[in-house]
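A.B. asks: A structural model of the following input is requested.
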Amino acid sequence: MDWKEKIILDVRKAKEASFILSKVTTEEKNMFLNKLIEKIEENREKIIKENQKDVDKCLKRNYSSAFIDRLKIDEKRIDKMIKSIKDVIALPDPVGKKIWETERPNGLKIERIRVPIGVIGIIYESRPDVTIEASILCIKSGNSVILKGGKEAKSTNLILVDIMKSALMETKLPVDSVNIITAGGRKAVKYILKLYQYIDLIIPRGGESLIKTVVENSYIPVIKHYAGVCHTYVDKDANLEMAWKVVLNAKVQRPATCNATETLLVHKEIAEKFLPKMAELFRMHKVEMRGCDETRKIITGIKEATEDDWYTEYLDLIISIKIVNNIEEAIEHINKYGTHHSDAIITENKESAEKFLREIDSAAVYHNASTRFTDGGEFGLGAEIGISTDKIHARGPMGLEELTTYKYVIHGNGQIRE
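C.D. replies: Numbering: from 1, shown residues only. Just a heads-up that it's a prediction; the model follows:
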């Protein structure tokens, strides 16, 4: 059997599994999730051992520290996986929920009901925690899942999928509710994207080049998450103590994530008060600063920010800084250079906050909080399958409801159309 035949077999099985999953009760789905917790607890050492194989290979190939951070699984991240599963168990099942209903003058009763999407393909890079989070959300929402992870996390992904299949088998759910594609290498991605007969939705998670490849080659609908060029704007009416704390967190708490702030905008009236201490905090945390001309007059010795910097998702300890004349200029900058992901304003002025929140065209807009909160778990969604920067169907962190669609159910008593 060649790699194409193997992929076809796996996606066909996933399609068949999706029809069964769509009829499974909430109790049965939660039984699987509870069993999965047991299996992960039993296999902690094995998961970490298999992950270390992947980490060692990447260290030998001189992958960046940010890449290794995304790849690595330790006890703390296993705890986080288990917490995500528990959170998803506690969430209401969206399948079968009545969204809307009406009764027409002719007596027809029409309902709009949530239903699973079907088979969801997740194409992602080396974040093995995605393997668990994506799968549990898909199954709780009645979908089967096809996983295509990066080769750098192959050993970790395989052990996690084996554990999920074991939990599915023991709770009598279709074992092909989760399948992972390992055959075919990079060619497999473009091949999967043509299998519209079996896969209903593609969600890519990774860098901009991966997402661009998926969008350009997919015959299947795609929910996109392009780059996270996120901004924090410190307004003239900001509480500076709050601003220093929030901006630092938004940049350094985990800089390799898509919701880390990449550009800092500062109102000119408070720049001379705010920036020196902010620069001191950045230097303490080894953040490289790149600034506009006015910024470089206040923070000496930093690089000049180029036009490209305003468009750049660094995913690293680098930040671009620009002084703006007013809130209108800040909003214009964000809407021009941002990626409609997550943007924040720090201000005590209610009118300015409302203007920013209303006029910034992003999936998540914040007032007096770090952009790092754009995350399914932090939003109470239990886990996260991705952060959509699209504007239709799903936007922002995606949880259970975003993995469903709907159908109309019509009840009649013999009506015919004249």
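
A.B. asks: pretty sure Leu158 contacts Ile180?
C.D. replies: Yes - the criterion here is C-beta atoms under 8 Å, and Leu158 meets it with Ile180 at 6.9 Å. Every C-beta, even on glycine, is put in place using the N, C-alpha and C of the backbone.

A.B. asks: which one of those two has more residues nearby?
C.D. replies: Between Leu158 and Ile180, Ile180 has the larger neighbour count (other C-beta atoms under 10 Å), namely 21 against 16.

A.B. asks: tell me the confidence at that one?
C.D. replies: We note a pLDDT of 97 for Ile180 in this prediction.

A.B. asks: and it, how far from Leu59?
C.D. replies: Note on Ile180: its distance to Leu59, by C-beta to C-beta, to the nearest Å, is 24 Å.

A.B. asks: now swap in His393 and tell me
C.D. replies: Taken as C-beta to C-beta, the span from His393 to Leu59 is 40 Å.

A.B. asks: let me see the contact set for Ala271.
C.D. replies: Ala271 is in contact with Glu294, Thr295, Ile298, Ile323, counting by C-beta atoms under 8 Å, 6 or more residues apart in numbering.

A.B. asks: now with 10 Å, please.
C.D. replies: Val234, Lys236, Met278, Glu294, Thr295, Lys297, Ile298, Ile299, Ile321, Lys322, Ile323, Val324 (C-beta atoms under 10 Å, 6 or more residues apart in numbering).

A.B. asks: among those residues, which one has the most neighbours?
C.D. replies: Val234 (28 neighbours).

A.B. asks: isn't it up against Ile346?
C.D. replies: Yes - applying C-beta atoms under 10 Å, one finds Val234 in contact with Ile346, separated by 4.9 Å.

A.B. asks: next, show the common contact partners of those two.
C.D. replies: Leu240, Met242, Ala243, Trp244, Val246, Val247, Val266, His267, Phe274.

A.B. asks: report the buried members of these.
C.D. replies: Using 16 or more other C-beta atoms under 10 Å as the burial test, the shared contacts of Val234 and Ile346 include Ala243, Trp244, Val246, Val247, Val266, His267, Phe274 as buried.

A.B. asks: between the residues you listed, which sits nearest Ile89?
C.D. replies: Set against Ile89, the nearest of those by C-beta to C-beta is Val246 (32.5 Å).

A.B. asks: ok so, going back, and which of the buried ones among the shared contacts of Val234 and Ile346 is nearest to Glu133?
C.D. replies: Using C-beta to C-beta, these come closest to Glu133 at Val246, 26.3 Å.

A.B. asks: tell me the secondary structure at that closest one.
C.D. replies: Following DSSP: H, G, I helix; E, B strand; the rest coil, the label given to Val246 is helix.

A.B. asks: was I right about it contacting Ala238?
C.D. replies: Yes - here Val246 reaches Ala238: they are 9.3 Å apart, a contact under C-beta under 10 Å.

A.B. asks: what's the overlap in contacts for those two?
C.D. replies: Common contact partners of Val246 and Ala238 (C-beta under 10 Å, 6+ apart): Ile346, Asn368.

A.B. asks: mind checking the end-to-end distance for stretch 374-392?
C.D. replies: Start-to-end span of stretch 374-392 (C-alpha to C-alpha, to the nearest Å) is 18 Å.

A.B. asks: helix, strand, or coil at Leu264?
C.D. replies: strand.

A.B. asks: so who does it touch?
C.D. replies: The contact partners of Leu264, by C-beta under 10 Å, 6+ apart, come to 231-234, 243, 247, 250-251, 274-275, 278, 282, 289, 291, 295, 319-323.

A.B. asks: so it versus Gly206, what's the distance?
C.D. replies: From Leu264 across to Gly206, the span is 26 Å (C-beta to C-beta).

A.B. asks: cool, Glu348 as well?
C.D. replies: Going from Glu348 to Gly206 by C-beta to C-beta gives 38 Å.

A.B. asks: over to Asn30?
C.D. replies: Distance, Asn30 to Gly206, using C-beta to C-beta: 30 Å.

A.B. asks: again with Glu288
C.D. replies: Counting by C-beta to C-beta, the gap from Glu288 to Gly206 is 24 Å.

A.B. asks: between those two, which is the more surrounded one?
C.D. replies: Between Glu288 and Gly206, Gly206 has the larger neighbour count (other C-beta under 10 Å), namely 20 against 14.

A.B. asks: now the helices for the stretch 251-400 of the chain?
C.D. replies: Assigned by DSSP state H, counting those that start in this stretch, the helices in the stretch 251-400 of the chain fall at 271-284, 293-298, 307-310, 327-337, 350-359.

A.B. asks: closest to Gly185 out of those helices?
C.D. replies: helix 307-310 (31.7 Å).

A.B. asks: tell me what the helix or strand of the chain with the lowest mean pLDDT is packed against?
C.D. replies: In the chain, the helix or strand scored least confidently by mean pLDDT, DSSP states H and E is helix 65-71, which has a mean of 86. Applying 3 or more C-beta pairs under 10 Å, 6 or more residues apart in numbering; DSSP states H and E, one finds that helix 65-71 contacts helix 44-60, helix 129-140.

A.B. asks: what pLDDT, on average, does the shortest one get?
C.D. replies: Confidence over helix 129-140 (mean pLDDT, whole number) is 95.
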